[in-house]
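K.L.:
Give me coordinates for this.
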Amino acid sequence: MKSLSIKSLQQEFEYDYYMYVPLSIVLNSCIGSIAAMTILAQGTSLISGIELTLCVSLCMGYNAVLLAGSNRKFAFWLLTVSLVVNILLILITLL
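P.N.:
Next comes the predicted model:
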């Protein structure tokens with residue numbers, strides 16, 4: 001059985017990069033849109049605006065990195081940060 005570690009996930013992402021690009025775009029966009037929906041469901045305030053800006057910036061940044069053909073390692077880490085932050089934003093707004 002394969003071990004589940006960040007290093008092994010990164011190596012697999014870099015090895016099968018062209019397979020993971022469309023999958024990660026869909027995943028990141030879905031999680032980001034859920035985060036944006038939960039943030040906007042709270043109403044409009046300065047805090048909501050900051051949270052929404054962070055959510056949208058991370059999702060758009062990841063898509064821009066892929067379109068620009070940037071480093072695969074950087075794309076993996078930006079995907080990881082984007083998913084973690086968006087999931088945290090969902091949890092924070094729902095609790």
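K.L.:
Give the next helix or strand downstream of the helix or strand of the chain with the lowest mean pLDDT.
P.N.:
Within the chain, no helix or strand scores below helix 6-15, which has a mean of 88 by mean pLDDT, DSSP states H and E. Next along the chain after helix 6-15, taking DSSP states H and E as the criterion, comes helix 17-41.
K.L.:
Just the buried positions in that next one, please.
P.N.:
Using 16 or more other C-beta atoms under 10 Å as the test for burial, helix 17-41 gives Tyr20, Ser24, Ile25, Asn28, Ile31, Gly32, Ala35, Ala36, Thr38, Ile39. For every residue, glycine as well, the C-beta is placed using N, CA and C.
K.L.:
CA-only coordinates of the helix or strand just after that helix, as CSV, when you get a sec.
P.N.:
Downstream of helix 17-41, the next assigned helix or strand under DSSP H and E is helix 46-68. The C-alpha trace of helix 46-68 is given here as CSV (Å, rounded to 0.1, in the frame of the first residue of the first chain):
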residue,chain,number,x,y,z
LEU,A,46,-15.9,44.3,5.6
ILE,A,47,-14.9,40.8,7.0
SER,A,48,-17.0,39.1,4.4
GLY,A,49,-15.4,41.2,1.7
ILE,A,50,-11.9,40.2,2.9
GLU,A,51,-12.8,36.5,3.0
LEU,A,52,-14.4,36.7,-0.4
THR,A,53,-11.3,38.5,-1.9
LEU,A,54,-9.0,35.8,-0.4
CYS,A,55,-11.2,33.0,-1.7
VAL,A,56,-11.4,34.4,-5.3
SER,A,57,-7.8,35.4,-5.4
LEU,A,58,-6.5,31.9,-4.5
CYS,A,59,-8.8,30.2,-7.0
MET,A,60,-8.0,32.6,-9.8
GLY,A,61,-4.3,32.5,-8.9
TYR,A,62,-4.2,28.7,-9.3
ASN,A,63,-5.9,28.9,-12.7
ALA,A,64,-3.5,31.6,-13.8
VAL,A,65,-0.5,29.6,-12.7
LEU,A,66,-1.7,26.7,-14.8
LEU,A,67,-2.4,28.8,-17.8
ALA,A,68,1.0,30.5,-17.6
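K.L.:
Export the buried residues of helix 17-41 as JSON lines, with columns for distance to Val56 and pLDDT.
P.N.:
Formatted as JSON lines, those follow (distance: C-beta to C-beta, whole Å; pLDDT from 0 to 100):
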{"residue": "Tyr20", "distance to Val56": "22", "pLDDT": "91"}
{"residue": "Ser24", "distance to Val56": "17", "pLDDT": "93"}
{"residue": "Ile25", "distance to Val56": "15", "pLDDT": "94"}
{"residue": "Asn28", "distance to Val56": "12", "pLDDT": "94"}
{"residue": "Ile31", "distance to Val56": "12", "pLDDT": "95"}
{"residue": "Gly32", "distance to Val56": "7", "pLDDT": "94"}
{"residue": "Ala35", "distance to Val56": "9", "pLDDT": "95"}
{"residue": "Ala36", "distance to Val56": "7", "pLDDT": "94"}
{"residue": "Thr38", "distance to Val56": "13", "pLDDT": "94"}
{"residue": "Ile39", "distance to Val56": "10", "pLDDT": "93"}
